[in-house]
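Colleague: need a structure here:
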Amino acid sequence: MDTSIFKAYDVRGVVPSELDAESARAIGAGFARFCDSAEIVVGYDMRTSSVELSEAFIEGVNSQGTSVVSIGLCSTDMLYFASGRLAAPGAMFTASHNPAQYNGIKLCRSGAAPISSDSGLDAIKDFTLAFLSGALPAVERSGVKNRKEEMLDDFVKHLHSFIDISSLKPLKVVCDTANGMGGLVVPAALEQLGLGLTFLYRELDGTFPNHPADPIQPENLIDLKSEVIARKADVGLAFDGDADRVFLVDDKAAPLSGSLTTAIVAKAILSSHSGATILYNLICSKAVPELISKLGGVPIRTRVGHSFIKSEMARTGAVFGGEHSGHYYFRDNYRADSGLVAALMILQVLSNSDESLSELRIPLETYASSGEVNTKVKDAGKVTEFIANAYSNRGTMDRLDGLTVDLGEWWFNVRPSNTEPLLRLNLEAKNPQEVASRLSEVLAVISKADR
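Modeller: Now for the predicted structure:
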């Protein structure tokens with residue numbers, strides 16, 4: 001078995017060379033042994049290998065005397081909902097935005113609680129390898145009773161509970177679901193709300209024939225932007241392959257960053273949850289905590305990654321958390337992320353305002369950013385220490401996640417990739433000219449350090 005498929009937050013690999021039915025069966029057994037639960041919820045996306053892999057996984061789960069609740073085709077946030085509603089651990093077969101040849105498994109504890117390498121995934125890997133070597137003792141299987149559960153209707157009702165659907169205006173909305181699972185769940189959630197809907201690439205197709213299901217890449221928003229202009233739409237929504245992330249395009253076809261969407265949703269949350277604690281990851285714009293504080297909320301900065309945000313949400317009681325990558329977490333959604341909850345809240349904001357999205361965003365965009373700039377390096381740790389020394393007398397630093405250097409008028413963060421020999425740089429300043437100048441400066445330091 002290729003153990004490299006166990007990543008920081010999930011299992012993921014090329015099918016079948018890295019991830020095949022035998023591996024899935026073993027992981028099912030390992031996950032069942034780790035969870036020690038009577039039932040496990042299993043769902044899958046539209047990738048061509050998802051049915052075969054999920055069926056093998058279920059065999060592995062059953063081999064350990066654990067029953068399975070199959071919810072069939074679903075989005076990742078629907079799987080999290082099922083895990084919460086049924087109070088059972090969950091497994092979602094998806095590789096999210098990765099190309100068609102990939103598949104993977106997102107795992108969670110009962111109640112959609114996160115699992116990552118340092119909070120269970122390493123132990124699951126050990127159980128998996130023990131199963132493959134025959135070291136797991138036999139288990140009584142007579143009590144295994146698999147069943148199917150239809151969750152879509154309950155999921156849609158749950159989504160609608162986050163807004164006042166009676167107050168929605170008949171907004172024009174274009175949705176690009178990129179042949180991913182959004183093609184199932186987005187129409188189910190939106191079609192009954194009196195909106196003027198247009199769908200792009202709604203058909204479920206795991207070969208992604210139109211464009212990759214990765215809306216953070218600008219080239220994958222081209223069709224959505226064109227359709228927003230052609231339809232004179234109020235907003236465009238772009239979902240990734242497993243539909244747990246959403247990216248927005250305004251009425252002038254200008255994309256919104258994850259930070260900006262976080263700010264808009266945070267503003268909406270604080271209007272109904274006075275003084276609420278709201279999380280934002282350290283890649284988000286400074287505009288996010290500044291807005292939260294201005295509106296009487298309590299901003300808390302977190303590391304990047306869903307397991308950190310969900311854990312911090314549990315610790316602090318935060319109502320909402322946003323990541324620059326397009327993940328939005330809600331306390332009342334079992335602390336899990338959901339692109340659809342965020343999208344519905346944006347529709348509520350637009351319905352409650354006389355301003356368009358292109359107007360609403362203006363006072364919230366007070367800084368310019370570089371976006372994520374990736375540099376191949378030989379030794380990320382060595383380069384990070386070189387940068388820390390170079391800026392030691394120029395600003396404040398912290399090591400919450402990688403290295404963040406705040407120099408007052410501008411700041412940057414560098415983090416090593418979990419999976420590749422890359423250093424990820426994010427930088428923010430007062431204007432685009434300053435961003436360009438400071439970006440050149442920091443990249444020169446990185447280049448010098450990597451010699």
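
Colleague: ok, now which ones touch the residue nearest the centre of the chain?
Modeller: With the centre of the chain defined as its mean C-alpha position, the nearest residue by C-alpha atoms, centre = their mean is H327, 3.9 Å away. Contacts for H327 (C-beta atoms under 8 Å, 6 or more residues apart in numbering) come out as D244, R245, G258, H306, I309, D337. Placement of C-beta: from N, CA and C, glycine included.

Colleague: hmm, try it at 10 Å
Modeller: The contact partners of H327, by C-beta atoms under 10 Å, 6 or more residues apart in numbering, come to 240, 244-246, 258, 262, 281, 304-306, 309, 321, 336-339, 342.

Colleague: with T66 instead?
Modeller: Shown here is T66, whose contacts under the criterion C-beta under 10 Å, 6+ apart are 28-29, 31-33, 35-40, 58, 60, 88-89, 139, 141, 143-144, 146.

Colleague: so for T419, what pLDDT did the model give?
Modeller: At T419 the predicted local confidence, pLDDT, stands at 68.

Colleague: phi, psi of S70?
Modeller: Dihedral angles of S70 (phi, psi; degrees, to the nearest 10) stand at phi -90, psi 120.

Colleague: surely it meets V42?
Modeller: Yes. S70 is in contact with V42 according to C-beta atoms under 10 Å; the separation is 5.5 Å.

Colleague: any low-confidence regions in this protein?
Modeller: Within the chain, the ranges that satisfy pLDDT under 70 run 419.

Colleague: tell me where the longest helix sits in it.
Modeller: For the chain, the helix reaching the highest residue count under DSSP state H is reported as helix 432-449.

Colleague: strands along the stretch 301-450 of the chain, start to end?
Modeller: Residue ranges of the strands in the stretch 301-450 of the chain, as given by DSSP state E, counting those that start in this stretch, are 320-322, 328-330, 368-369, 373-376, 396-398, 403-406, 410-416, 422-429.

Colleague: what's the closest of those to Y80?
Modeller: Of all the strands of the stretch 301-450 of the chain, it is strand 328-330 that lies closest to Y80, at 10.2 Å by C-beta to C-beta.

Colleague: the closest one packs against which elements?
Modeller: Here strand 328-330 is seen to pack against helix 258-272, helix 306-316, strand 320-322, helix 339-352 when contacts are counted using 3 or more C-beta pairs under 10 Å, 6 or more residues apart in numbering; DSSP states H and E.

Colleague: how about 7 Å then?
Modeller: Using 3 or more C-beta pairs under 7 Å, 6 or more residues apart in numbering; DSSP states H and E, the elements in contact with strand 328-330 are helix 306-316, strand 320-322, helix 339-352.

Colleague: pick the most buried one from the ones you listed.
Modeller: Each of these was assessed for mean neighbour count using mean count of other C-beta atoms under 10 Å. The highest is strand 320-322, with a mean of 29.

Colleague: between S70 and V42, who's got more neighbours?
Modeller: Between S70 and V42, V42 has the larger neighbour count (other C-beta atoms under 10 Å), namely 28 against 16.

Colleague: where's that one, which helix or strand?
Modeller: The secondary structure element spanning V42 is strand 39-44 (assigned by DSSP states H and E).

Colleague: angle of the helix or strand that that strand is followed by against strand 39-44?
Modeller: Counting by DSSP H and E, the next helix or strand C-terminal to strand 39-44 is helix 50-63. With axes from the mean of the first three to the mean of the last three C-alpha atoms, to 10 degrees as the criterion, the two stretches helix 50-63 and strand 39-44 enclose an angle of 170 degrees.

Colleague: can you name the residues in contact with helix 50-63?
Modeller: For helix 50-63, the external contacting residues (C-beta atoms under 7 Å, 6 or more residues apart in numbering) are 21, 24-29, 31-32, 40, 42, 44, 68, 91, 93, 103, 141, 144, 146.

Colleague: okay, buried residues for it please.
Modeller: Taking 16 or more other C-beta atoms under 10 Å as the basis for neighbour counts, the residues of helix 50-63 that come out buried are S50, E52, L53, S54, E55, A56, F57, I58, G60, V61, N62, S63.

Colleague: stretch 251-271 too?
Modeller: Of the residues in stretch 251-271, those scored as buried under the neighbour-count criterion (16+ other C-beta under 10 Å) are 251, 253, 255-270.

Colleague: likewise for stretch 280-300?
Modeller: 280-289, 291-292, 295, 297-300.

Colleague: one more: stretch 125-144?
Modeller: Taking 16+ other C-beta under 10 Å as the neighbour-count basis, stretch 125-144 is seen to contain the buried residues K125, F127, T128, A130, F131, L132, L136, V144.

Colleague: got it, and stretch 354-365?
Modeller: Result for stretch 354-365 [16+ other C-beta under 10 Å]: buried residues L357, L360, R361, L364.

Colleague: same question for stretch 231-249.
Modeller: 233-249.

Colleague: stretch 179-193 now?
Modeller: Within stretch 179-193, the residues that count as buried by 16+ other C-beta under 10 Å are N179, G180, M181, G182, G183, L184, V185, V186, A188, A189, L190, L193.

Colleague: quick one: the last one and I165 touch, right?
Modeller: Yes. The pair formed by L193 and I165 meets the contact definition of C-beta atoms under 7 Å, at 5.8 Å.
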